[in-house]
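1. Structure for this input, please:
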Amino acid sequence: MLRVTIQWDPIRKKGIPTRSELVNKVIKTVKRFDVRRQGVQSAARRPIEYEEFVNLLTLVRAAQGKGALKYVVSSVLTLQLHMITRVHDMMQLKFEIFSPNVQHPRSLLCQLRWSKNISEERDAPEQILLARLDPCVCATESSCPCGDDYSGKFILRFWEPP
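-> Numbers count the residues shown, from 1 in each chain. Here you go, the predicted model:
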């Protein structure tokens, strides 16, 4: 193991490389660019843009040879957008969580009780699922419940307006 006091020897290429003058100059330059925000743009996650989401739905619905799966995926994505949830929360949907909204007849009420942040009944308020004017991203128009599978999970069916 190298000793801490050993400097970098450029001729023999031995020692601690971070003690090299050249390496320290590069590190200092990189830090300066980072502070000035002149480096590469951040690769951090960012929210999806509306146009990107519409393009994703278009690609999913245009998938060849996928059968009903493409409609299920597009319906799940559309509902996920409206309810602002994670995909694994969407896979837990069941019929009983949807109910008609008495105050607004053109909307539905939905309650997600299994999200990771839900520990009490009051943590899961009812959400209102509204229809959208754009049929491409309208959750009530592009998807509707059609039945339960054997595990009791919610299944979605694509519905095209006449």
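2. what's residue 23 in contact with, if anything?
-> 8, 17 (Cβ atoms under 8 Å, 6 or more residues apart in numbering). Every residue, glycine included, has its C-beta placed from N, CA and C.
3. swap the cut-off to 7 Å and go again
-> Residues in contact with residue 23, defined by Cβ atoms under 7 Å, 6 or more residues apart in numbering, are residue 17.
4. And the helices in this protein?
-> In the chain, the helices defined using DSSP state H lie at 21-35, 50-61, 69-83, 87-90, 139-142.
5. Nearest to residue 13, out of those?
-> helix 21-35 (12.0 Å; Cβ to Cβ).
6. any weak-confidence spans in the chain?
-> 1-5, 88, 95, 115-116, 141-162 (pLDDT under 70).
7. Dump the helices of the chain to TSV, plus distance to residue 125.
-> Output for the helices of the chain, formatted as TSV (distance: least, Cβ to Cβ, whole Å):
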stretch	distance to residue 125
helix 21-35	43
helix 50-61	25
helix 69-83	12
helix 87-90	15
helix 139-142	18
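8. out of these, which comes closest to residue 105?
-> helix 139-142 (11.8 Å).
9. circling back: which one of the helices of the chain lies nearest to residue 43?
-> Per Cβ to Cβ, nearest to residue 43 of the helices of the chain: helix 21-35, 13.7 Å.
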